[in-house]
Structure formats: C-alpha cells, structure tokens
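A.B. asks: got a sequence here, can you build the structure:
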Amino acid sequence: MTGLIFILFAGMAIGCAVSVVVQRHPLYGAMSLVGVFISLAGLYVTLAAPFIAAVQVIVYAGAIMVLVVFVIMLLNVEQEERRRTRLPFLVGAAVALAGVLFAEAAFMIYFVQASPATPRDNVSDVGQTFSIGTGLFTSYLLPFEITSLLLLMAIVGAMTLARTGGLLSARAGVVPGAQVLAPDVLDSEPAAGAQPIVTNTTDEAACVLGIDGVRRSADND
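C.D. replies: Coordinates of the predicted model:
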C-alpha cells in the first residue's frame, strides 16, 4: 500500500514539474510548482519523515510560493512571448541530462533494493518530529540560538537600508534638474487652468522656484 501511494505522489510530482516547464503563463507555472511541493511532502510522509513534510508545505508551498505569486501579480507579467532559440544545442543537452536522471533513478530503484547489503526492517526515529525537536533544543541549542540572532540582525539591517528620510538636514536645499514642475509646487493655491512648467537644467529649475540666490550663496560659501 505504501509503495502504491509513493508511486502516486511521484507521478503527481513529475506531472506538475512538466507542467511548470510547459506552461507559458507565469502564474499557472507557479500553481504547478505548488503541486510539486505538495507531492514532495506526500513522498516525505511515505518515507517516515513527517516533520520534513510539514516544513515542505508550510515554508515552500506556503510562504515562498505566496511571495512568488505576489511578485508575479505586482509586476503584471503576461504570457511569455515565444522567441527563436538562441542556443539550439541546449535542447539536446536537456534531453541527455533527463535520460541520465532517469537512469540513476532506475538504478536506485531496482539495484539498490535488490542488494543483500540493504538493511531490512530497520526501524529508526530519524526524521521524526520528536527526535528533531529533542536534538534541536539539546545538542544543537547553541547553533539554533545563533541562527535566530543572525536572522534578527538581517531583519534590522533590511529595515535600516529601506528606511527613508532623515538623510538630509532640515536646512538643506535640494534643487531639481531637468523635470516637470507641477503648479502646486510653485504656488500652494494655483490658479485655474495652470499648466506645469518644464525645466531643462538645474539653474532654470532654481530660478523658477526662486531659490537661485540661495543656491549661489551656498556655492560661494
């Protein structure tokens, strides 16, 4: 029964993986990748590794794929455009590598299982949630805490790099260069029908904003 379930999940994983490659729409490819992750979680369950299966679903099929889908939706990526293959020999190389992969899988399935050195009925708690939790909070407690501190430092560093404002003093005067100045920039209450003003240089923008004298006095200082 376990072998049948393993073959079922393996077939689902292969089918979803092929769908990831074949699909031209990025969103459909991402959904197919979710199917691959869930199928792999089922394979981990059949291999007596429930903790890895739960992490596979929570981290990969959950958090990472949600992030990928959000990026695809924010970028508004449309269907992939078909273009001429620049390196045609890559197709043959991909087929050859796929053949090597299937050959390795067949070798492990048929020859390793038939080997007399392969242990039979070896009951082990490796991969179980209890054994992983026990080792994580006893023997590997220090590396676990160091990893948590590194993640905290990464979060603080990302927040510091992404923070805006406070880089210039309140007395600093920033003069735009070649750009379009909106009417409300020049006057807090612009007249009806006021048109934006196009400035081609920094000096021209400073003159329009009335800070030409301030800028020149700062340069003289």
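
A.B. asks: break this protein into its domains for me.
C.D. replies: When the chain is parsed with automatic domain parsing, its domains come out as 1-78, 179-220.

A.B. asks: ok, of these, where does mean pLDDT dip lowest?
C.D. replies: Least confidently modelled of the domains of the chain is domain 179-220, at a mean of 61 by mean pLDDT.

A.B. asks: the chain: strands as residue ranges?
C.D. replies: 179-181, 197-199 (DSSP state E).

A.B. asks: burial of residue 63, as a residue count?
C.D. replies: Residue 63 is flanked by 10 other residues according to other Cβ atoms under 10 Å. The way it works is simple: take the backbone N, C-alpha and C, and place the C-beta from them, glycine included.

A.B. asks: I'd like the distance between it and residue 51.
C.D. replies: 17 Å (Cβ to Cβ, to the nearest Å).

A.B. asks: ok, residue 32 next?
C.D. replies: 25 Å.

A.B. asks: mind checking which of those two has more residues around it?
C.D. replies: Between residue 32 and residue 51, counting by other Cβ under 10 Å, residue 32 is the more crowded of the two (18 against 15).

A.B. asks: my guess is the more buried one meets residue 19, correct?
C.D. replies: Yes. Assessed by Cβ atoms under 8 Å, residue 32 is found in contact with residue 19 at 3.9 Å.

A.B. asks: mutual contacts of the two, please.
C.D. replies: Here residue 32 and residue 19 share no contacting residue, scored by Cβ atoms under 8 Å, 6 or more residues apart in numbering.

A.B. asks: quick one, helices of the protein?
C.D. replies: 2-22, 26-46, 50-55, 65-75, 89-107, 113-114, 129-136, 141-162, 183-186, 202-209, 212-220 (DSSP state H).
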